[in-house]
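Visitor: only the shape, not the letters, is given here:
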């Protein structure tokens with residue numbers, strides 16, 4: 001690629017970027033890393049990266065302690081993150097809810113960055129085989145750089161984060177193509193954001209045995225496999241748009257943003273930090289903090305040893321969901337253009353009241369235990385969808401650096417022509433191209449929706465449905 005233009009700029013340079021991305025998306029093999037060679041390398045990475053994650057009592061968490069007075073679980077350095085209490089109250093259309101819960105407070109903005117470079121005329125992404133303590137299947141593919149500020153500034157006193165020089169000033173070895181601040185799981189994090197950034201490298205990029213160059217097409221193929229692309233890789237890939245045809249969307253961008261703004265203005269969300277010791281209905285034991293009804297999540301203490309991390313031995317709390325989650329978009333073609341039925345979703349720790357979320361996002365076991373009128377709208381439609389209408393279905397891990405074996409089942413379900421275009425006011429049909437535009441900005445689209453936007457592109461690429 002020979003341009004630094006933003007993809008949002010309507011110019012010949014922007015068109016060149018689109019062509020380059022389309023070519024990469026349709027390239028399902030690579031002369032740099034043939035797919036068969038990648039699978040051998042990745043299997044070897046999973047075999048060779050030795051690690052041990054051992055549950056321990058909270059009293060054995062090195063460097064961590066429960067703070068006097070508040071009971072908050074904090075690190076002695078005052079950095080990294082803490083486990084605190086949060087009081088939440090919401091009100092919408094006459095219905096009010098309130099609760100208290102533990103939440104992860106990590107105010108640092110980290111870097112999730114992918115270095116890209118052309119080889120043989122095809123764009124490739126530099127991906128890392130990374131072990132995280134909470135991962136399923138040990139090692140997963142992560143962005144080139146996945147690091148908190150504490151990591152890349154050396155607070156952890158470990159080895160230097162490889163390739164971080166591409167993402168911090170003076171950044172003389174690359175051109176920023178896509179760059180925005182994006183949220184993470186707001187049910188578990190308090191107002192958490194990371195920088196999602198894609199940088200085109202100029203000049204040579206030294207190789208390393210833990211890193212591999214793959215095309216977008218290869219990565220989209222891997223997204224159809226369970227627990228290969230980690231959460232951070234999926235959210236950065238969501239920043240990379242693909243040409244999606246020229247059909248007319250059902251709603252203008254002004255209408256989409258207006259609907260979200262209307263919900264943000266009318267829906268009340270009050271968040272108040274509180275001592276962890278005062279959170280109601282949660283119980284602290286020697287080695288876990290759990291809700292008395294067994295739903296939601298638990299907080300665990302873990303001691304970790306790993307061979308290929310900047311620090312090889314540490315301990316930390318991990319959040320363990322009570323069950324596998326469900327995140328699903330209903331999909332309908334309007335004017336020949338695929339649209340996703342988004343809801344303005346509010347979660348405990350969200351930064352700005354609501355973000356565009358999947359049609360259904362919940363822990364399904366807990367949701368099905370609720371009275372019918374309290375269940376998420378469209379849940380039954382998603383769960384009962386015939387196989388012929390399922391466009392995408394895979395289980396993906398969430399962030400293994402903070403969560404223990406957290407997974408979501410991600411679904412794209414064809415709604416069919418009989419499904420109404422007129423939907424409740426907290427929902428709106430959004431086209432793929434509109435999601436691509438929204439993702440060039442911060443805090444419009446939640447992280448589960450970003451995985452599914454990537455999944456929609458992956459299904460199109462696998463079918464060869466990407467205009468050049």
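Guide: Right, received. Where do you want to start? Treat the numbers as computed from the prediction; the structure is a model and nothing was measured. Numbers count the residues shown, from 1 in each chain.

Visitor: now do the SS call for residue 458.
Guide: Under DSSP: H, G, I helix; E, B strand; the rest coil, residue 458 falls in the helix class.

Visitor: now it: closest residue in space that isn't a chain neighbour?
Guide: residue 220 (3.7 Å; C-beta to C-beta, 6 or more residues apart in numbering). For every residue, glycine as well, the C-beta is placed using N, CA and C.

Visitor: wait, a helix at that neighbour?
Guide: Yes. Residue 220: assigned to a helix according to three-state DSSP.

Visitor: and the pLDDT at it?
Guide: What the model reports for residue 220 is a pLDDT of 98.

Visitor: the one 5 residues further on now?
Guide: The model reports residue 225 with a pLDDT of 97.

Visitor: cool, the one 5 residues further on as well?
Guide: The predicted local distance difference test score for residue 230 is 98.

Visitor: residue contacts, it?
Guide: 130, 132, 135, 140, 141, 142, 146, 397, 399, 400 (C-beta atoms under 8 Å, 6 or more residues apart in numbering).

Visitor: for residue 74, state which of the residues you listed is nearest.
Guide: If you rank the contacts of residue 230 by distance to residue 74 using C-beta to C-beta, residue 399 comes first, at 20.0 Å.

Visitor: nearest residue to that closest one in space, ignoring adjacent ones along the chain?
Guide: In space, residue 399 is closest to residue 231, 4.8 Å off (C-beta to C-beta, 6+ apart).

Visitor: what's the burial count for the one you found?
Guide: Neighbourhood size, residue 231 [other C-beta atoms under 10 Å]: 27.

Visitor: for the closest residue to residue 99 other than its chain neighbours, give its distance to residue 235.
Guide: For residue 99, ignoring the flanking residues on the chain, the nearest one in space by C-beta to C-beta, 6+ apart is residue 88 at 5.7 Å. Distance from residue 88 to residue 235, counting by C-beta to C-beta, to the nearest Å: 24 Å.

Visitor: more neighbours: which of those two?
Guide: residue 235 (25 against 19).

Visitor: how near is the more buried one to residue 460?
Guide: Distance, residue 235 to residue 460, by C-beta to C-beta: 19 Å.

Visitor: residue 179 now?
Guide: For residue 179 relative to residue 460 (C-beta to C-beta), the value is 24 Å.

Visitor: higher neighbour count, those two?
Guide: Neighbour count, other C-beta under 10 Å: between residue 179 and residue 460, residue 460 has more, with 22 against 16.

Visitor: you'd agree that one is up against residue 243?
Guide: No. Residue 460 is beyond contact range of residue 243, at 9.8 Å (criterion: C-beta atoms under 8 Å).

Visitor: common neighbours of the two, please.
Guide: Shared contacts of residue 460 and residue 243, counting by C-beta under 8 Å, 6+ apart, come down to residue 466.

Visitor: that older thread, give me phi/psi at the residue nearest to residue 399?
Guide: When read as degrees, to the nearest 10, the backbone of residue 231 gives phi -60, psi -40.

Visitor: what's the spacing between it and residue 273?
Guide: 25 Å.

Visitor: who's in contact with the closest residue to residue 294 other than its chain neighbours?
Guide: For residue 294, ignoring the flanking residues on the chain, the nearest one in space by C-beta to C-beta, 6+ apart is residue 322 at 6.4 Å. Contacts for residue 322 (C-beta under 8 Å, 6+ apart) come out as 291, 294, 295, 296, 297, 298, 363, 365, 366.

Visitor: return the distance of residue 322 relative to residue 198.
Guide: Taking C-beta to C-beta, one finds residue 322 at 35 Å from residue 198.
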